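Peer 1: Quick one: sequence and predicted model below, then my questions.
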Amino acid sequence: MTSVAELIDTLPSLRETVENHGLMAKKALGQNFLLDRNITDKIIRLSLNAQNKNDFNNEFVYEIGPGPGGLTRSILSNNPQKLTVVEMDERCIAIMNEIKGKVGEKLEIINGDALKENFGTKDKSPRHIISNLPYNISVPLLVGWLKDIQSFSSLTLMFQKEVADRITAPTKCKDYGRISILSQLLCKIDRLLDINPNCFVPAPKIWSSVLLFRPLDNILTEKQINNIEKLTSLAFGQRRKMIRQSLKSIPDIENKCSQIGILMTSRAEEITPQQYLALADLI
């Protein structure tokens, strides 16, 4: 019996596919295509290795913005129960249909907006999201998934390197901010690899980074997340100021900070994610 990986290998090369479909990347859709199958295979291999998995057998995977299908091919070759792709570009839908012609029901295609899809309610567990994220919506997508992170086993996501640096930034660092705090409170984050701009078509001006997110055991409530977002919005909205000024609208803020050892002379980037969580529990 022919395996899915063998069926995938009968498809035209990614460069042929792009040429056949006249697929010039659209800046408005945040597109930069990764056409090197060695790199897409490496992304999946590193993600699986970090999760102590051999493949995606009996697991459900979702891919956002598959483009010409480089990651799509690499995911399918690792035998998911089903791969669901979400794509807005009709040209890429045609390419996805070519792949579906080879693998059948293994591939589900949604022609729509990923920001409007709730993957946490689709299919059964385990669920994984894997994506070379469209640059222009990468952070809004991530925030939405983080708020529902317990619905997923992992997120393997490619960002502009500067965004990945913000997500993984430690305290007392210029890159540390709201997305650092939310990500680090909810997930264990591993940087899998950095990718040279020359690997993409068209080549962006900056490097890209692939991060693996896995949910931590501590489940935050909706109220805790909302309070953290409120606090970090106030604090980082005036990040040069001490929190005695930036958080002054929070009732009894000085007493609350004193309880958890936060100095009123601290600035936003000097407060750890765990301290923000402790403060969120007091408001």
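Peer 2: Looks like it arrived, so ask away.
Peer 1: what's the next secondary structure element after the helix or strand hosting Glu98?
Peer 2: Element membership for Glu98 (DSSP states H and E) is helix 90-103. Going down the chain from helix 90-103, the next helix or strand is strand 107-111, by DSSP H and E.
Peer 1: Tell me which residues of that following strand come out buried.
Peer 2: Neighbour-count burial for strand 107-111 flags Leu107, Glu108, Ile109, Ile110 (criterion: 16 or more other Cβ atoms under 10 Å). All C-beta atoms are positioned from the backbone trio N, CA, C, and that covers glycine.
Peer 1: Dump these into a markdown table; add pLDDT and distance to Lys42 as well.
Peer 2: Output for those, formatted as a markdown table (pLDDT from 0 to 100; distance: Cβ to Cβ, whole Å):
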| residue | pLDDT | distance to Lys42 |
| --- | --- | --- |
| Leu107 | 96 | 22 |
| Glu108 | 96 | 25 |
| Ile109 | 96 | 25 |
| Ile110 | 95 | 27 |
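Peer 1: can you pull the contacts of the nearest residue to Leu277 once chain neighbours are set aside?
Peer 2: Closest residue to Leu277 apart from its sequence neighbours, by Cβ to Cβ, 6 or more residues apart in numbering: Leu185 at 5.8 Å. Residues in contact with Leu185 (Cβ atoms under 8 Å, 6 or more residues apart in numbering) are Leu216, Asn218, Leu220, Ile228, Pro273, Gln274, Tyr276, Leu277.
Peer 1: Show the buried residues in those.
Peer 2: Of the contacts of Leu185, these count as buried by 16+ other Cβ under 10 Å: Leu220, Ile228, Pro273, Tyr276, Leu277.
Peer 1: Could I get those in a markdown table, plus columns for secondary structure?
Peer 2: Below are the buried ones among the contacts of Leu185 laid out as a markdown table (DSSP: H, G, I helix; E, B strand; the rest coil):
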| residue | secondary structure |
| --- | --- |
| Leu220 | coil |
| Ile228 | helix |
| Pro273 | helix |
| Tyr276 | helix |
| Leu277 | helix |
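Peer 1: In this protein, what helix or strand scores lowest on average pLDDT?
Peer 2: Across the helices and strands of the chain, the lowest-confidence element by mean pLDDT, DSSP states H and E is strand 200-201, at a mean of 78.
Peer 1: And the helices in the protein?
Peer 2: Assignment of helices within the chain using DSSP state H yields the ranges 4-8, 14-20, 37-50, 70-76, 90-103, 138-146, 161-168, 178-186, 222-237, 243-246, 253-259, 273-280.
Peer 1: Let me know the distance separating Arg191 from Ala169.
Peer 2: 12 Å (Cβ to Cβ, to the nearest Å).
Peer 1: More neighbours: those two, which one.
Peer 2: Shown here are Arg191 and Ala169; by other Cβ atoms under 10 Å, Ala169 has more neighbours (19 against 15).
Peer 1: Tell me if I'm right that that one and Gly177 touch.
Peer 2: Yes. Between Ala169 and Gly177 a contact is recorded at 7.2 Å, counting by Cβ atoms under 8 Å.
Peer 1: how about stretch 216-235: buried residues?
Peer 2: Leu220, Ile225, Asn227, Ile228, Glu229, Leu231, Thr232, Leu234, Ala235.
Peer 1: what's the fifth one in contact with, if anything?
Peer 2: If I follow you right, that is Glu229. Residues near Glu229 by Cβ under 8 Å, 6+ apart: Arg178, Leu182.
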